[in-house]
Structures are given as structure tokens and as C-alpha cells.
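Could you work out the structure for the sequence below:
(one chain, ligands or ions: 2)
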Amino acid sequence: MATFQIKGGKPLKGEITPQGAKNEVLQILCAVLLTNEQVRIKNIPDIRDVNRLIEILGDLGVKTQKNGKGDFTFQADDLRLDYLRGKQFRKDGAALRGSIMLMGPLLARFGEAFMPKPGGDKIGRRRLDTHFEGFFALGAKYRFNPDEDFYGVEVDENGLQGSYMLLEEASVTGTANIIMAAVLAKGTTTVYNAACEPYIQQLCKMLNRMGAKISGISSNLLTIEGVEVLGGTEHTCLPDMIEIGSWIGLAAMTKSELTIKNVSWENLGVIPDVFKKLGIKLERRDDDIYIPAQENYEIERFIDGSILTISDAPWPGFTPDLLSIILVIATQAKGSVLVHQKMFESRLFFVDKLIEMGAQIILCDPHRATVIGLNHETPLKGAELTSPDIRAGMSLLIAALSAKGETIIHNIDQIDRGYEDIDTRLRAIGADIIRA
Ligand SMILES: CC(=O)N[C@H]1[C@@H](OP(=O)(O)OP(=O)(O)OC[C@H]2O[C@@H](n3ccc(=O)[nH]c3=O)[C@H](O)[C@@H]2O)O[C@H](CO)[C@@H](O)[C@@H]1O
Ligand SMILES: C=C(OP(=O)(O)O)C(=O)O
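Ligands and ions are numbered 1, 2, ... in the order given. Below is the predicted model:
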């Protein structure tokens, strides 16, 4: 398995263009199944999870044509649905989280859908109740008694029927699945407590261009009037906000001057402000983020003087996918912060590795860690580490680039799952990193 060898402590400098958004493109790719016409998608990142989903679509019979870098045309006009019942799909589908979103479009268009228990990061329990409760509200039933590893749902000859649903939680992939099922259902579906991340907004806008009738986009109350058929379209994915946050963190930790190009500011929500609360200076320059080289950054306190807490929440709250990055940056800030990861149970355990590198962190419980910043007075020191999940992996990479000495990171497949060509892009701005 590949590793990264990093010699840290060097300031970096230059421009970075963020890749297309992983979690958006996974939804958008599944939506190509909703029409037999061509769908062209641009700004697709060349990362492992996305490439796997494109392969699954190909095995399912979707015609795939590459027009250029990150630019593909798909056509789902002649599918091999038996692939979904075979052993190969059990293996392929289980390799990533995003494949669960094949279910909604398949159910809507073909009346049945199968799915192995999806993969993705091992960051605690990742239940699927919202997805299934949504399908059941639209009239679907289990095709067979679900076992732990394989699910099947179907709908009778009357097809899916629109209905009202109040989701138990604002699940991102769950909401995407329900929307993709409901666009072809008979009648009107109302989804309250819907997730409303830019990923979901983008999906809804694309579906409307295909002929769907979705209103309430960007709110948590969606109204979807079912239509009989959807047509082709073109779609361009947003820049990846999680990658943008990762670059901000990297700049601060390594005292680097970076410009992040074309970030789509209006889709970043609270992300820039949360980094500013850690004392990081960043400027809006047109649609870019400019981060000057900074010797220090000081964590703010709450107005009453108490220690700052940064926690995750469904959009427009702060995304859980950036908390690991926040945690690593805080290790070299001036001041203290409590990082509270409310959604996932096992995402903070990687702090052990940062502690090994010399960070001052107290893991209070699986959801909360207090970080006492070193104010760049004592650098982290190089270590041999294994990347446990995609965002912890990127955080360790950032720690390594700021650290004194050499760090080796194993299991970098986890990082490649979500960050395109990361070592080449880092070398281009001056990092000393080798893939071995
Ligand atoms: C492929 C993809 O798009 N993955 C993202 C998606 O995963 P995914 O869609 O799997 O995550 P969900 O939104 O379903 O839920 C994530 C976790 O948060 C909990 N939860 C969720 C909503 C809520 O209101 N309260 C609550 O506690 C869930 O129980 C679960 O443990 O959204 C997550 C939450 O932003 C991100 O971390 C993942 O990167
Ligand atoms: C948790 C993540 O991904 P996935 O849902 O694909 O595991 C992530 O992108 O941070």
C-alpha cells in the first residue's frame, strides 16, 4: 500500500484551484439514471470514490464518454439491471458511501433497487433509516427481508406516490435519495427537515433543468411535483468546499501565502468565518480567497470570555467534514478551543496521532476534544502514522507539512479517495512530499 514521505517545516507559496466537489458529484452521477437522454457533467474530480461510481454506472450499462479532463457525458438508455443482483455489485457498491444514492433513481425509474451496505469512512455508526423511511413513505416496500449486508426495495404496479414526510434527521445522502425517487412519483411530495447543503441545491437545480418541478431549493422544506419523464441536461459541479477549507488550514499551519482560486464564495456558508474565529486572516479577492503568510493566529473567545467551541451542524451549520482540519490547525494557534463533533462517534480518535507528534490535546470523550494551541513556539515533530479516514488523513498530512523532520503516512488510499492528485499539487506550491 502506498505511503507519503513528507519533510515538513517549509512555508509554501502559490495558487491552488480547488477540485470539483466530491459529495456533490456522487449525487449528480446517480441522477444520470433518471433519464434515457444524455447528461453532460463538468468539473468531475479525478478521485477514487468518483471513479468507482463511474465504473459502477458503466457495469450497469450506462454509456460513458470522456470529453476532456473532468468532463463526461452519460446516457442511461439501455441498462443491465441484472448486474445489481450479482456478486460483483455487492463488492463494488460496498466500496463507497455515495453508491447508496443509486437506489432512489433506480426505484423511480424501474420500480426496484438493490444495494449492498455502503462503504465510506469508518467514523462511527452511519445509519440509513432516513433513506428507507423516505422510500416507504413514497409507497415502496422491502423486496425481501433485509440482511445486514444487502438491501432491496420495490414498488407495486401503481408506482411511487407522492406524500408528506418529516425526516427524523436531515441526512444528506438520504435527502438526495428521496428527491431522486420523488421527482418521478405520482403527485406531490413534501419533504420537511430536508438537508440543504449546496450539494443538494445543485442536485435540485440540475433535476429542474431535466424537467423536474422542485421548489424550496436551499431551504429545509422541499416541494416536489412528480413528472412523468425527465430529459438530458448539462451540469457543472461546484468547487469542493471541504478541499477549500483544507487549503485554508494548510496555509495557516505552514505559515504560507496561498491564493485559492474560484471558490464560489456564495456557496461557502459559515466556513470562512469559522476559520477567522481561529484568528486566521483571509481576504475575499473577487471569487478567490487570499491567505497571507501569518506568523501566528490567535483563537477568539466567546463574548463572555469563555473558551470558543467549534461544533458541526446540518447546513447552514458548520460541516462535520472540516472539524478534523480545524482540530489540527488549533494545535498551533494561540489559545484554546473545544472541538465538538456532534454527528459522528469515531472521528476524533486520530488525535492520538497528533499527540504523538507533540500536540496538546485532551480527548474529553469520543465527541469532544480540547486543544491547547502551541502558538508555533514548539513545532510538531515528524512521526510514522496511518491515515484512518479521508479528513483525518488530510489533517495528518497538514500536520506533517508543518512538522519538524520527516513524517511517513501509510494508508494514503484514504486521502486519494477525496483529494485529487494531492502530492503533485502540493509539490507545485513548494512542498517536499514523495509518494512511495
Ligand atoms: C457521500 C456524502 O455525501 N457524504 C457526506 C454525507 O454523509 P451521509 O449522508 O452518510 O451523512 P448523514 O447526513 O446521513 O448523517 C451523518 C451523521 O450525522 C448524524 N446526523 C445527521 C443529521 C442530523 O440532523 N443529525 C445527526 O445527528 C447521522 O446520524 C449520521 O451519523 O453527509 C455527512 C454529514 O454532512 C458528511 O460527513 C459526509 O461526507
Ligand atoms: C465522510 C466523508 O465521506 P463519505 O461519506 O464518502 O465516507 C467525507 O467526505 O468526509
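
May I have the phi/psi pair for whichever residue of the stretch 201-350 of the chain sits closest to ligand 2?
Residue nearest to ligand 2 within the stretch 201-350 of the chain (CB to the nearest ligand atom): Asp321, separated by 3.8 Å. From N, CA and C alone the C-beta is placed, and that goes for glycine too. Main-chain torsions, Asp321, degrees, to the nearest 10: phi -70, psi -10.

In terms of pLDDT, where does it sit?
What the model reports as pLDDT for Asp321 is 97.

Check the one 10 residues further on too.
If you check Thr331, the pLDDT there is 98.

So Lys122 lies in a strand, does it not?
No: using DSSP: H, G, I helix; E, B strand; the rest coil, the assignment for Lys122 is coil, not a strand.

about what we covered before: pull the number of nearby residues for the residue of the stretch 201-350 of the chain closest to ligand 2.
Number of residues near Asp321 (other CB atoms under 10 Å) recorded here: 25.

The closest residue to it other than its chain neighbours: which element?
Distances taken as CB to CB, 6 or more residues apart in numbering put Ile242 closest to Asp321, at 4.7 Å, once the chain neighbours are dropped. Secondary structure from DSSP states H and E places Ile242 in helix 241-253.

Give me the contact status of that helix with ligand 1.
No: taking CB under 6 Å from any ligand atom as the criterion, helix 241-253 and ligand 1 are apart, separated by no less than 7.6 Å.

what mean pLDDT does that helix have?
Helix 241-253 comes out at a mean pLDDT of 98.

got it, and stretch 347-358?
Per-residue scores along stretch 347-358 average to 96.

Need the residues that contact that stretch.
121, 123-124, 320, 323-324, 327-328, 331, 339, 341, 359, 361, 363, 366-369, 374, 378-383, 385-386, 388-389, 391-392, 395-396, 399, 403, 407 (CB atoms under 8 Å, 6 or more residues apart in numbering).

Do a quick rundown of the strands in the stretch 251-400 of the chain.
257-260, 283-285, 288-291, 308-311, 336-340, 360-365, 368-372, 384-386 (DSSP state E, counting those that start in this stretch).

do you know which of the ones you listed lies nearest Arg435?
strand 384-386 (15.3 Å; CB to CB).

Run through who's touching that closest one.
In contact with strand 384-386 (CB under 8 Å, 6+ apart) are residues 353, 356, 396, 400, 407-411.

6 Å - rerun?
Residues outside strand 384-386 that contact it (CB atoms under 6 Å, 6 or more residues apart in numbering) are 353, 396, 408-411.

residue contacts, the residue of the chain found nearest ligand 2?
Residue of the chain nearest ligand 2, by CB to the nearest ligand atom: Gly120 (2.8 Å). Applying CB under 6 Å, 6+ apart to Gly120 gives the contacts 96-97.

let's go with 10 Å and repeat that
Gly120 sits next to 26, 49, 94-100, 126, 173, 389-390, 417 when contact means CB atoms under 10 Å, 6 or more residues apart in numbering.

ok, and of those, which contact ligand 2?
Restricting those to those near ligand 2 - CB under 6 Å from any ligand atom - leaves 49, 97-98, 390.

just checking, which of these belong to helices?
49, 390 (DSSP state H).

got CSV for the ones next to ligand 2 among the contacts of Gly120, with pLDDT, distance to Phe110 and neighbour count too?
Shown next, in CSV, are the ones next to ligand 2 among the contacts of Gly120 (pLDDT from 0 to 100; distance: CB to CB, whole Å; neighbours: other CB atoms under 10 Å):
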residue, pLDDT, distance to Phe110, neighbour count
Asp49, 93, 24, 23
Arg97, 90, 22, 18
Gly98, 91, 20, 25
Ile390, 94, 32, 25
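
Need the max-distance pair from the ones next to ligand 2 among the contacts of Gly120.
Largest pairwise distance in these, by CB to CB, is 12.3 Å, between Gly98 and Ile390.

who touches both of these two?
22, 49, 120.

Just give me the closest of those to ligand 1.
Closest to ligand 1, out of all of the shared contacts of Gly98 and Ile390 and judged by CB to the nearest ligand atom, is Gly120, at 6.4 Å.

contacting residues for the closest residue in space to Val62 that isn't next to it in sequence?
Spatial nearest neighbour of Val62, chain neighbours left out: Ala76 (4.7 Å); criterion: CB to CB, 6+ apart. Contacts for Ala76 (CB under 10 Å, 6+ apart) come out as 31-39, 57, 60-64, 105-106, 109.
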